[in-house]
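> Give me a 3D structure for the following:
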Amino acid sequence: MDTDQLGIVFPQILIPDKKVNKQKWSVIACDQFTSNEDYWIKTARLVGGSPSSYHIIVPELFLKDNDAKERIAHAKQTMRDYIEDGVLVSLPEGLMLVERETPHGTRVGVVLAVDLEQYDTDASKKPLIRATERTVTERLPVRINLREDAVLECPHVMLLINDIKDTIIAPVYQVREKFSKIYSTPLMQNGGHVQGWFIDDPAVLSGVTDALGRLKEQSRDNMLFAVGDGNHSLAAAKAVWDKRKEMMTPEERANSPLRYALCEVVNLYDPGITVHPIHRVVFNVPDVSNALRTLVSIFNRTGQEAHMMYTRGTRVQKKEGVHTILFESKMSKGHIEVTKPKHPLVSQTLTEALDLLAEELPKARIDYIHGDDEFHALARSHASLGFIMEPMQKNEIFDNVIEYGVLPKKAFSLGMAEEKRYYFECRLIVEAEDDEPEEEPIPAESSEISQEPVELPAEQNDDEPAEKDEQAPVEQDDQAADVEEDSDTRASRKPRRGLFGRKRD
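Have a look, this model is predicted:
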């Protein structure tokens, strides 16, 4: 089947140059540890001044610092610097097969680009690429501003396919040893290990499209892909594209890099994919008991008939048709029973009520927490009130989105916080053009990004220890070792120029 009908393309992926320390390059998704300042302070210390995806993103933890404009400007300038200084190099058109080992298991995915024309947050349009959750409104502007006029994207988006027989990714994984291993590196901060193989063989790529075509034919409601992670990033990319395409000719729309978004596609039924709840914590609540009474009052005012009970533990007897919402704070535990809920999903019932509670508690702040341990620690902190969510089953995700449309914000999570995608691959979202007139060729050893893809070495393993840096120590991998590119491969590369002209002195 043609890739246009599947809403995908096999893009030219950018990866860090061989000289870049991969462990410092790769950091966790910006929407993780949003109430854990120590995590991001340590990440900044580990990275230091080394080339890193940390310098081209804006961690959501810092949105409350009111310096988002400065952080965005810095990130965009750093993107340009990384391109001009040869930090990133381009691969030919193809896909990246990614194997991610975490403390909780191993999963496999493929990195490719999807057509934003085939993505929509309106389920009634029956888009091929389906949003699964509503967005947190205050988190979108920063993502949109970061993408507008940026020269590249470095995504943490993960798309799910409902492939119970594993017909798409497994065949690629089985032949991975025939292709170049582009990187292999431990990940900082308990992230495990990641490695990637670049696939550009036409037969393998055709096998992927054919299998996706068959999956599309079997899909319900024309839903081939569901957003598993990175819902805000994909929504921001769509918003930028919808705005920019209005200024383009039909030909420009068809060929614009902004029309596409890089992502990792994973099989929902991969054993390494686990589905977890995302808990809620309300901060800045000086009187927890009063806040709970107000919440119960909100349920009753909206005709949902609720009552609250304090308990020593969190185990309660569930009742048919009743939504049971568990809560805890520093001084109390209990649950709220909503006997006439307006919505079929508990997450939607609680989300709407908490939004109304926030209006009555103007100093309160709601955050969405991955992981039980972090939740309990935050919920039991001073002036905090936490709500424990129940997990959604794998086989419910596609069915729930089809039946109920876009789910409430933060309705589920793929894996625990440390299992989230770490940034690695990038993609240009501007046309590759030189800024300067043609000059003498750059020596073949230069690793600047090229308008022509680089020639791949027969084998490249970037599983390496961190560079020596007293200011930014990084966890070591005893098996990690640099594999030098052989001289024949280096010599075979064509002289090439950077995206924005020659490398600066």
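
> what's the domain layout of this protein?
3-275+418-492, 279-389 (automatic domain parsing).

> Specify the stretch among these that is closest to residue 405.
Nearest of the domains of the chain to residue 405, taken as CB to CB: domain 3-275+418-492 at 3.9 Å. Where you see a C-beta, it was placed from the backbone N, CA and C, and this is true even at glycine.

> Give me the distance from that closest one to the chain's centre.
9 Å (CA atoms, centre = their mean, to the nearest Å).

> Can you tell me the SS state at residue 124?
Following DSSP: H, G, I helix; E, B strand; the rest coil, the label given to residue 124 is helix.

> What residue, apart from its backbone neighbours, is nearest it spatially?
Spatial nearest neighbour of residue 124, excluding adjacent residues (CB to CB, 6 or more residues apart in numbering): residue 405 at 7.3 Å.

> wait, that neighbour sits on residue 125?
No - if you go by CB atoms under 8 Å, residue 405 and residue 125 don't touch, sitting 10.6 Å apart.

> Counting neighbours, what do you get for the residue lying closest to residue 282 once chain neighbours are set aside?
The spatial neighbour of residue 282 that comes closest, neighbours along the chain excluded (CB to CB, 6+ apart), is residue 385 at 4.6 Å. The number of residues packed near residue 385 is 27, by other CB atoms under 10 Å.

> my guess is residue 385 contacts residue 367, does it?
No - applying CB under 8 Å as the test, residue 385 and residue 367 come out as separate, 11.5 Å apart.

> Quickly list what's touching both of those two.
Any residue near both residue 385 and residue 367 by CB atoms under 8 Å, 6 or more residues apart in numbering counts here, and that gives residue 281.

> Residue 397: what secondary structure?
helix.

> and it, how many neighbours does it have?
Neighbour tally, residue 397, other CB under 10 Å: 21.

> So, low pLDDT: which residues of the protein?
313-315, 433-505 (pLDDT under 70).

> any idea how far the residue nearest to residue 117 when sequence neighbours are not counted is from residue 363?
Residue nearest to residue 117 in three dimensions, not counting chain neighbours: residue 259, with 6.6 Å by CB to CB, 6+ apart. From residue 259 over to residue 363 the distance is 42 Å, taken as CB to CB, to the nearest Å.

> More neighbours: which of these two?
Shown here are residue 259 and residue 363; by other CB under 10 Å, residue 259 has more neighbours (21 against 10).

> now the more buried one: how far from residue 370?
31 Å.

> What of residue 210?
36 Å.

> helix, strand or coil for the residue nearest to residue 372 when sequence neighbours are not counted?
Setting aside the residues directly before and after it, residue 372 is nearest to residue 279 in space (CB to CB, 6+ apart), at 7.7 Å. Under three-state DSSP, the three-state class of residue 279 is strand.

> Which SSE is immediately downstream of the longest strand belonging to the chain?
Longest among the strand segments of the chain by residue count, using DSSP state E, is strand 105-115. For strand 105-115, the succeeding helix or strand toward the C-terminus, using DSSP states H and E, is strand 119-120.

> Can you list the strands that that next one pairs with?
strand 129-130 (parallel) (DSSP bridges).

> Name the residues of the helix or strand just after the partner strand that are buried.
Per DSSP H and E, strand 129-130 leads on to helix 140-147 as the next helix or strand towards the C-terminus. Using 16 or more other CB atoms under 10 Å as the test for burial, helix 140-147 gives 142, 143, 144, 145, 146, 147.

> Adding distance to residue 175, write those residues out as JSON lines.
Compiled in JSON lines, the buried residues of helix 140-147 are given as follows (distance: CB to CB, whole Å):
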{"residue": "142", "distance to residue 175": "40"}
{"residue": "143", "distance to residue 175": "36"}
{"residue": "144", "distance to residue 175": "39"}
{"residue": "145", "distance to residue 175": "41"}
{"residue": "146", "distance to residue 175": "37"}
{"residue": "147", "distance to residue 175": "34"}
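
> Return the member of these nearest to residue 234.
Using CB to CB, the buried residues of helix 140-147 come closest to residue 234 at residue 143, 9.3 Å.

> any idea how far the closest residue to the closest one other than its chain neighbours lies from residue 31?
With sequence-adjacent residues excluded and distances taken as CB to CB, 6+ apart, residue 143 is closest to residue 236, at 3.5 Å. Distance of residue 236 to residue 31, given as CB to CB: 12 Å.

> Which residue ranges of the protein form helices?
3-6, 22-25, 37-47, 68-84, 140-147, 169-174, 202-218, 231-245, 250-255, 288-301, 346-360, 372-379, 394-404, 487-492 (DSSP state H).

> got CSV for the ones you listed, with distance to residue 194 too?
Output for the helices of the chain, formatted as CSV (distance: least, CB to CB, whole Å):
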stretch, distance to residue 194
helix 3-6, 26
helix 22-25, 9
helix 37-47, 16
helix 68-84, 20
helix 140-147, 23
helix 169-174, 14
helix 202-218, 20
helix 231-245, 19
helix 250-255, 32
helix 288-301, 41
helix 346-360, 30
helix 372-379, 22
helix 394-404, 23
helix 487-492, 23
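
> tell me the most buried of those?
helix 22-25 (a mean of 26; mean count of other CB atoms under 10 Å).

> Now do it: which elements does it pack against?
Helices and strands touching helix 22-25, by 3 or more CB pairs under 8 Å, 6 or more residues apart in numbering; DSSP states H and E, are strand 181-187.

> Name the strands paired with the strand it packs on and say parallel or antiparallel.
strand 192-199 (antiparallel).

> CA atoms of the partner strand as PDB?
In PDB, the C-alpha atoms belonging to strand 192-199 read as follows (Å, rounded to 0.1, in the frame of the first residue of the first chain):
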ATOM      1  CA  GLY A 192      18.100   1.700  31.200                       C
ATOM      2  CA  HIS A 193      19.700   1.300  27.700                       C
ATOM      3  CA  VAL A 194      18.700   2.100  24.100                       C
ATOM      4  CA  GLN A 195      20.100   1.000  20.800                       C
ATOM      5  CA  GLY A 196      19.000   1.600  17.200                       C
ATOM      6  CA  TRP A 197      19.500   0.000  13.800                       C
ATOM      7  CA  PHE A 198      19.000   2.000  10.600                       C
ATOM      8  CA  ILE A 199      16.800   0.300   8.000                       C
END
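
> If anything else comes up later, I'll come back, but that's it for now.
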